[in-house]
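Peer 1: The following comprises the amino acid sequence and a computationally predicted model.
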Amino acid sequence: MRLILVRHGESEWNAIGRLQGQANPPLSKLGRRQAAHMAARLVDEGVDAIVASDLERAYDTADALAGSVDLAITPRQDLREVDVGSWTGTTREEVERENPQAWTRWRIEGIEGWEDGETYADAMVRVAGAISELAASHADQTVVAVTHGGCIRLATCHLLGMPAAEFGRIMSIGNASLTEFLVEPDGTGRLVRLNDTAHLAEVTTADDLEPMATTEFDSIA
């Protein structure tokens with residue numbers, strides 16, 4: 001299976017630096033433009049199927065492509081972002097100020113600092129399960145999965161045989177970027193491209209530069 005992982009376009013919370021997890025803010029105006037350019041990039045890629053996280057920012061990003069290639073979208077809860085529990089809706093500054101030890105643990109050691117929510121290991125299990133199901137049902141096909149930054153980094157760990165604890169070694173994933181794998185029958189993957197944003201050059205203006213910047217913090221949004 002050829003698997004193209006797409007991060008959703010910029011959301012309204014991305015634009016103001018709020019950590020989303022499984023909250024459900026919509027795409028921003030910039031995010032909708034990013035989705036349109038992603039669709040234009042993939043329209044001639046021979047896409048056979050489109051799946052997406054059922055959260056609005058991912059589903060609406062997928063919808064831009066679905067209309068271009070005349071395919072339906074299959075929504076999947078198992079492609080939702082990592083649930084960041086008590087950090088949902090917070091900003092970097094708020095977490096650093098209110099819980100500096102947990103913030104430092106997360107930034108330096110890659111250990112989940114939030115309460116409730118889910119661990120990276122648990123999130124990787126569900127993401128890996130989704131990939132396995134797609135590989136079984138779409139052998140020798142091209143599948144586009146529109147999901148979230150944290151899920152794409154965990155999928156990368158899984159397909160390259162890395163534990164979830166290595167999450168922090170994967171680069172941050174930009175909004176509306178493309179990450180592509182060839183997934184083998186045994187479940188392993190060969191990385192083709194990572195965080196490809198070449199199609200977004202024309203939507204980046206001076207005013208867009210700050211919202212489009214991707215950091216460790218917003219890459220699990």
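Peer 2: It's in. Numbering: from 1, shown residues only.

Peer 1: Pretty sure Gly31 sits against Trp13.
Peer 2: No. Using C-beta atoms under 8 Å, Gly31 is not in contact with Trp13; the gap is 10.4 Å. Where you see a C-beta, it was placed from the backbone N, CA and C, and this is true even at glycine.

Peer 1: out of these two, which sits in the busier spot?
Peer 2: Gly31 (26 against 22; other C-beta atoms under 10 Å).

Peer 1: hmm, who's touching the longest strand along the chain?
Peer 2: What stands out as the longest strand in the chain, according to DSSP state E, is strand 189-196. Contacts to strand 189-196, defined as C-beta atoms under 8 Å, 6 or more residues apart in numbering, come from residues 3, 156, 158-160, 171-174, 177-184.

Peer 1: Sitting in helices, which of those do you find?
Peer 2: Of the contacts of strand 189-196, the ones assigned to helices by DSSP state H are Thr156, His158, Leu159.

Peer 1: hang on, the earlier thing: just the buried positions in the longest strand of the chain, please.
Peer 2: Under the neighbour-count criterion of 16 or more other C-beta atoms under 10 Å, strand 189-196 has Gly189, Leu194, Asn195, Asp196 buried.

Peer 1: Stretch 75-95 too?
Peer 2: In stretch 75-95, counting by 16+ other C-beta under 10 Å, buried: 76, 78-84, 87-88, 90, 92, 95.

Peer 1: so where do the strands sit in this protein?
Peer 2: All strands of the chain, identified by DSSP E, fall at 2-7, 49-53, 73-76, 142-147, 178-183, 189-196.

Peer 1: Redo the ones you listed as CSV? Include distance to Ala66.
Peer 2: Formatted as CSV, those follow (distance: least, C-beta to C-beta, whole Å):
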stretch, distance to Ala66
strand 2-7, 12
strand 49-53, 5
strand 73-76, 5
strand 142-147, 9
strand 178-183, 16
strand 189-196, 20
